[in-house]
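Student: here is a sequence with its predicted model. Questions after.
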Amino acid sequence: MFYRIIRNDILKSKAITLTTMIFVAASVMLVSLAAILVVNLSGALDTLMTQAKTPHFMQMHSGQIDTSRLTTFAEQNSNVDEFQVVEFLNIDGAQIILGDNSLANSVQDNGLSVQSEKFDYLLDLDGKVINVSNSEIYVPVSYMKDNTAKIGDKAVISGKEFTVVGFLRDSSMNSSLAASKRFLVSSTDYAEIKNIGNTEYLIEFRLKDMSAIGAFETAYASAGLEMNGPTVTYSLFRMMNAISDGMMIGIILLVSLLVVSIAFMCIRFTLLAKIEEDYREIGVMKAIGLRVSDIKKVYLAKYAAIAAVGSILGFALSFVFKDMLLENIRLYMGESENSSLAYVLGIIGILLVFFAIMTYVNGVLKRFKKISAAEAIRFGTSQDKTKAAKHFTLSKNRLFNTNIFLGIKDVLSRKKLYGTMLAVLVLSAFIIIVPQNLYNTISSKSFISYMGIGNYDLRIQLPGNIDSIYEIEETMKSDQAISKFTVLTTKTFKAIMEDGTVENIKIELGEHSIFPIEYSEGKAPTVDDQIAISTIYANEMSKKVGDVMTLVIEGLEKDLTVSGIYSDITNGGKTAKAVFTDNSEGIMWSVISAELSDKSLVDAKVAEYADKFDDAKISDIDEFVTQTFGSTISSVEMASYVAVIVALVITVLVTLLFMKMLVAKDRYAIAVMKAFGFTNSDIKAQYVSRTVFVLIVGIVLGILLANTLGEMLAGLAISSFGASTFNFEVNQISAYLLSPLMMILAVLIATMIGLTGAGQIKISENIKE
Amino acid sequence: MKKIIIGDHIVKSFGEGDEQHIVLDEVSVEIQEGEFVAVMGPSGSGKSTLMFMLSGMDKVDAGKVVFDNQELSEVSENGLSDIRRTKMGFVFQQPTMLKNLNILDNIILPSMRDNRKNAGKISEKARALMKRVGIAELEKRDITQVSGGQLQRVGICRSLMNSPKIIFGDEPTGALNSKSAEKIMDIFSEINAEGTAVMLVTHDAKVAARTERIMFMRDGKIVSELNLPKFDGTDMDGRVEKVTVKMWEIGI
């Protein structure tokens, strides 16, 4: 009997059943995709980092190195499992030509390495440790992704020719957030060109007990060993590798959550309408002695059928799309070992959605209990009306056209019904605006100020103690095109911890107020005894604004007050800023930042300074941002487009569904209006007013929600970067004009299509006595 | 007297093929300005359908309907709406009201479509009509808060708002007790006395006896007519008897 009832009911409301099913399928698809992606990402990442034996602790160092002292340290520290020093031959991008492309514009530190001996292997795309022959070169996989190089290309590095024979995965430097990129050549070739570049050292350790990494870091720092460069730990490697795809998964999860809630809304809406329609029947069933649970079964069975078909469909769809989304993970990290787990988790996710839907339907059906059999049989409808709209009467209406009045009045009188539609539209607006704002924020130039970099046009990076820094300063002073600039020099200082231990701390010295960054707490240091520290440092040393820390400056212990805490992703997130002068040697690097009076000159200036100063790495800041965050930004951009499409499709479907149901429900009222001389266009105008009214409220609420809750959620996503305070950078035109316009257009089109049935309603058939 | 409606050989059928059922079989009818007529007949005789045809709410399959010198089949859908809104009034058996609106708003709804600016005047007119039919105190009530007889009076007020040339009543007293029904008929008589044509569709001999011409329908045809003098409040029993005898004669 159930089968017959369900079949008849579904045949009677094909459009509505189909729409509900589509939403269920979409939410199941997204949940399943998110599960598959999460499992694959973490699995592939584990595989990659296991196969490559990623170092647990890596200290980059440029300058002199005392290998025997390091070896002694490694032997004496009981936690060290393996130790090695890998050379990295830093080569100017202009000296690297792959096929027809030069890496002159690359902001990455590109360099050559040989295959490691003990761990930190460079892997080929099959996950095997690469054995490279003479005159062959393996290129970082990111240059394959952006089509800079392909297999068989000729590569010329500082005049020496190589053939690109493959691409490599570098578990420690794959990510665009890692500043360096390693190319792999044979030892013979490496020895041959060793003199043309700057040799840097990667001092790497594998530990027996990873959990004691903190103690190991302290031990390394207090041993006074080489540390002229950033320090990176295993967890940071992991985070950098995961971030781009992690952001995408985050957005998919967010969208899937929203689509699930929309599926709920649809179900609630159709159910409420159906109950209203069947009110009398339900009353009769109750009157003749059927139990509420018996009546519920009929409805539950229908939704179980819809949810089951939708779930299977969604699961199948997730298989269609998964390869597209897994592409990046596969390229950078390879296959996941536990991919079968992905299906299990996907199925668990789907079952969760399915049972959530059934529980929800059951919950909505609780109102059966409240239906009074007597009332239902007598009136055929529920008598509980909202009274709020009582004073909004036609006789007092001077403001609106009568059709618009009737539309708005209807919305106000049936708040429950329209509330559901409103909720869907609010969510749609939210889905459209939040990813777009997120994209706009992270792609905007000022976003880098959350990342510990000020907002300027030109960035010149100089290694170590180089005299040209003064030349550059002089040139800039006399350069009319440069409106302001500042030189920040990074040096290492010893900091004395509260427990008496000594840690090395990298401090950027100079004027920090010229290109200010965002401080999550406090402000930039302005006087000599102030210091600002990065979030990671602040957490590690448990320092707050106003706390005092002791540094050794030019041999003397000095107390500095923490003036501010900021987010930083550069140099492993461990940096500090101060303004005091220090005349000691040992500059690790310097960065000159400049702002141009005419932004269009950026390219010309980059070229001009690059030409004049060979030692310096000069980049246009947009280029720097694009190359550093490019893949993350493009993941988010992609997600934001998908979100717009998803939300518009949702809007159209829901509006269509809504209109079809309203017209079906309102046949009688429409017939009455027509009988008394309202034209079809009058009726349409009334319905358009209803949807537009709901839509406008929806858009306004959606925007408000996007700027509060959305900003908070996006902030959580961003905090994975190390940024802690966060405000949306909104593209006003696209967020507040184009997006609402798109929604209005979608709703109007859907309303018009949904209303075609209203014109065909015959008065005589619907007013019959 | 001028003819307000001419129905000429109207044919209307429902369903298709084997299931086709002819509801109006070449029916011709004329109604004069200010006339008070009734259409009687058993269920399914086609009397309501005739009313839908004459008021332009449904289209004829063959034949024609001329209302106020306009042939309705030549008038656009919107034109028909305009005619119904400005020149016709309707009262149905079940009160056809919009649930969302209160009593007053239901009454002024059709008039407000064109004359929103005059909402004050329109409301005044509605209040006057409500007072006249004895429901002045109900204007702010919801339609669920009044009785069937009161609602029917609301319907009459609505039908009178645009000073129509004719009022169609489809079993206007069918859902009422006899006392309420009598009051409603008093109102119809009054309206007719002021010059508005009234056409009622009814089963009820007492209702029909109030009118001056009764058409009897059976199987989609008008089978007979009965003319009565204008009702002056007297001899109600005699009029009812005449109608009943006629019904008995033709077997309906």
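Tutor: Sure thing, it's come through.
Student: next, count neighbours for whichever residue of the stretch 251-400 of chain A sits closest to chain B.
Tutor: Chain B sits closest to residue A:394 of the stretch 251-400 of chain A, with a gap of 3.9 Å, by CB to the nearest CB. Glycine gets a C-beta too; all of them are placed from N, C-alpha and C. Neighbour count of residue A:394, defined by other CB atoms under 10 Å in any protein chain shown: 26.
Student: what's in contact with the helix or strand hosting residue B:107?
Tutor: Under the criterion of DSSP states H and E, residue B:107 resides in helix B:103-112. Applying CB atoms under 8 Å, 6 or more residues apart in numbering or on different chains, the external contacts of helix B:103-112 come out as A:393-395, A:397, A:402, A:406, A:673, A:676-678, B:85, B:97-98, B:101, B:119, B:122-123, B:125-127, B:129-130, B:135, B:138-143, B:146, B:154, B:157-158, B:161-162.
Student: out of those, which end up buried?
Tutor: The neighbour count (16 or more other CB atoms under 10 Å in any protein chain shown) marks A:393-395, A:397, A:402, A:406, A:673, A:676-678, B:85, B:97-98, B:101, B:119, B:122-123, B:125-127, B:129-130, B:135, B:138-139, B:142-143, B:146, B:154, B:157-158, B:161-162 as buried among the contacts of helix B:103-112.
Student: one step back: which element follows the helix holding residue B:107 toward the C-terminus?
Tutor: That would be, after helix B:103-112 and using DSSP H and E, helix B:119-132.
Student: for that next one, list the C-alpha coordinates in CSV.
Tutor: What follows is helix B:119-132, C-alpha atoms only, in CSV (Å, rounded to 0.1, in the frame of the first residue of the first chain):
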residue,chain,number,x,y,z
ALA,B,119,-9.0,54.7,-0.8
GLY,B,120,-10.7,57.0,1.6
LYS,B,121,-13.8,57.5,-0.7
ILE,B,122,-13.9,53.8,-1.5
SER,B,123,-13.8,52.8,2.2
GLU,B,124,-16.6,55.3,2.9
LYS,B,125,-18.7,53.7,0.2
ALA,B,126,-18.0,50.3,1.6
ARG,B,127,-18.9,51.4,5.1
ALA,B,128,-22.2,52.8,3.7
LEU,B,129,-23.0,49.5,2.0
MET,B,130,-22.1,47.5,5.1
LYS,B,131,-24.4,49.7,7.2
ARG,B,132,-27.2,49.2,4.7
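Student: okay, the angle between that helix and helix B:103-112?
Tutor: Relative orientation of helix B:119-132 versus helix B:103-112 (axes from the mean of the first three to the mean of the last three CA atoms, to 10 degrees): 130 degrees.
Student: quick check, residue A:138 in a helix?
Tutor: No: secondary structure of residue A:138 (DSSP: H, G, I helix; E, B strand; the rest coil): strand, not part of a helix.
Student: and the closest residue to chain A within the stretch 1-150 of chain B, what does it touch?
Tutor: Nearest residue of the stretch 1-150 of chain B to chain A (CB to the nearest CB) works out as residue B:85 at 2.2 Å. With contact taken as CB under 8 Å, 6+ apart, residue B:85 is in contact with A:676-678, B:110, B:113-114, B:162.
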